[in-house]
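Asker: output the structure for:
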Amino acid sequence: MIQGAESLSFEKALMDGVQEMVFIVRVEKGEFFYEFLNKSAMQKTELDESAIDKTFFETQTLEVAELVYSQYKKALESGNQIVYEDSYYDPAGNLLFSKTRLTPMLNDDGDCTHIFSIVQDITNEVEAKQESMEAWKKLEESRSYYHSLFEHNADAILTLDLNGHIRGANPVGLRLSGMAMEDLSGRRVLDFVVPEDRRRTLKNFRKAKNGFYTNFRITISQKNNSRLGVLVKFIPIKIREATTGFYLIVKDMRELDQMVEMYMESERNFRVIAENANDLIILINHRKEYLFISPSLETIFGFTPEEYKGKEPFHNIHPDDLNGLYSTLSSSIKSGEICKMRVRVAHKKGDWIWSELHGTPVFDDNNSYSHMVMIVRDVSLQKDYETKLEFFAYHDPLTGMPNRRFFQESLEKTLLDYHRKKKEFAVLLLDIDKFKGINDKWGHETGDAVIKEFGRRLQAGICKEDLAARLGGDEFIILLPGAENPESAMRVVEKIRKAMKLPWIFENAVLEISTSIGMTMPKPESTLSSILKEADKAMYEEKNYKKHYFDNDRL
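Answerer: Coordinates of the predicted model:
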């Protein structure tokens, strides 16, 4: 019921003292007109007394006017009180949340003449609810991250209680032990450690209880009684700052042991490398933001996790490896498969470290990519070994010169350029005259010295772009890709002959060394085989010439 004007004025005065926003809206022929706004309403919105007797559409933006109109329409048509929640910006530009209660006011005939609106500020409640939801979401994400880290870790992980009894294991842990979870559960982890390493294991377990965590090397027994060298570390499981158990990280050291055997000569050096080995674990989300970086980053690459998080992702990957890395990770995310590649990673001091990266993409419940779990391992020793193997595959062990395989591959490329671009070249085949007599008279040690010196003089007598190789025994070969005619090739021949006439002085002998040289240049029908045969033929023609026209003792 609408009361008299005197009573209404008194109520309006009271309303100005109310903290909530109060609006009285007049209803005329289905339209709505502001009739009263209290002080709080005018302070918290952009409305003032000029809004009186105006409609929503005359005082608000179209979007806001339509929303308010629809709610007032519901109250008018239902004749009942309705409540709805909304948001708005105050004059200072702050986003606020509100709960509005609309109450229809009826006259004696039961017609709605006014709608009374009281708007309550619920911004604090909404923000508290949002913060609670965000905290819960982060908790769930955290659980997902660590579950992924546990399940997909390349190393074995066991969960232990405070007494060292096994309570759980990831898939790698089960494979490493060779046992099912029901057989592992409840057993002491010491039962799987060889007797001579149990004291060290127990000592480090007690240190972990006191807050000191370290990697250490032990040997464990597997189900089939075989022994396996591993690197282990106890990591606390904390709930509300209280340690409730431990993760035992178990790293299979077989691959590292094989590398160490090739490079280490003593058990002491082996222990230094094994006990300091540590893989880096990185979690990075779809926005390329770091979610987790293990402390081993500093051990391997010199950066602390805090320093690393402040830099651009992959900032210390070698520029030549970046495109390949992005492509590999992108393919892994698209296929959902684990990826593996090698990249060069810069140490904080500036050195490049060859590293092997294993990436596992993780997806959420909607099968959308969430983040990548990356395990990064320093493989510098292995890469160095592979580089050495590659060098030995293409180089002669006695002289260090390129070998037959290296030369043939180079000749194939040069011959291809000749057929495609008509780039001329020459090949020189050489051997040491009467080399067998040197070995027989002075011994193989002197013979090897002659071979090495002969190779050194060949390399000194050619240009940078030329190639000298040892084919085997006392036979050598030279590729001259810049020789445009026989005359330019012969200049190199004469330079070599001149070098060979210099004194050959060894500890137990002074020798005279000469060489026979066969030279050939390609023809349109030339092949790799025909060029080598022609050079060989030319060399032996020179040898036969010397036998017939020179004293054999001078060969």
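Asker: tell me the pLDDT at residue 97?
Answerer: On pLDDT, residue 97 comes in at 86.
Asker: ok, residue 105 next?
Answerer: Looking at residue 105, the pLDDT reads 91.
Asker: what strand or helix carries it?
Answerer: strand 95-106 (DSSP states H and E).
Asker: report the buried residues of that strand.
Answerer: 96, 97, 98, 99, 100, 102, 104, 105 (16 or more other CB atoms under 10 Å). No exception for glycine: its C-beta is placed from N, CA and C like everyone else's.
Asker: identify the bridge partners of the fourth one.
Answerer: With DSSP bridges as the criterion, the beta-bridge partners of residue 99 are residue 85, residue 120.
Asker: test my guess that it contacts residue 83.
Answerer: Yes: Residue 99 is in contact with residue 83 according to CB atoms under 8 Å; the separation is 6.5 Å.
Asker: poorly predicted segments of the protein, please.
Answerer: Confidence mapping of the chain against pLDDT under 70 gives the ranges 1-17, 132, 135-152, 257-278, 385-387, 549-555.
Asker: break it into its domains for me.
Answerer: Here the domain parsing of the chain from automatic domain parsing is 5-126, 147-274, 280-386, 395-554.
Asker: okay if I get the ones you listed as JSON lines plus distance to residue 133?
Answerer: JSON lines is the format used below for the domains of the chain (distance: least, CB to CB, whole Å):
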{"stretch": "domain 5-126", "distance to residue 133": "11"}
{"stretch": "domain 147-274", "distance to residue 133": "21"}
{"stretch": "domain 280-386", "distance to residue 133": "17"}
{"stretch": "domain 395-554", "distance to residue 133": "64"}
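Asker: which of those sits closest to residue 134?
Answerer: Relative to residue 134, the nearest member of these by CB to CB is domain 5-126, separated by 12.4 Å.
Asker: elements contacting the helix or strand that residue 373 is a member of?
Answerer: Assigned by DSSP H and E, residue 373 falls within strand 369-378. Applying 3 or more CB pairs under 8 Å, 6 or more residues apart in numbering; DSSP states H and E, we find strand 369-378 packed against helix 123-151, strand 280-285, helix 319-335, strand 352-363.
Asker: switch to 6 Å and redo it
Answerer: strand 280-285, strand 352-363 (3 or more CB pairs under 6 Å, 6 or more residues apart in numbering; DSSP states H and E).
Asker: what's the closest of those strands to residue 225?
Answerer: Between the helices and strands packed on strand 369-378, strand 352-363 lies closest to residue 225; by CB to CB that is 30.1 Å.
Asker: just the terminal-to-terminal distance for stretch 355-371.
Answerer: End-to-end distance for stretch 355-371, by CA to CA, to the nearest Å: 21 Å.
Asker: and that stretch, what's buried?
Answerer: 355, 356, 357, 358, 359, 360, 361, 362, 370, 371.
Asker: do the same with stretch 419-430
Answerer: Within stretch 419-430, the residues scored as buried using 16+ other CB under 10 Å are 424, 425, 426, 427, 428, 429, 430.
Asker: in three-state terms, how would the residue lying closest to residue 313 once chain neighbours are set aside be classified?
Answerer: Nearest residue to residue 313 in three dimensions, chain neighbours excluded: residue 288, at 4.4 Å (CB to CB, 6 or more residues apart in numbering). Of the three states, residue 288 takes coil under DSSP: H, G, I helix; E, B strand; the rest coil.
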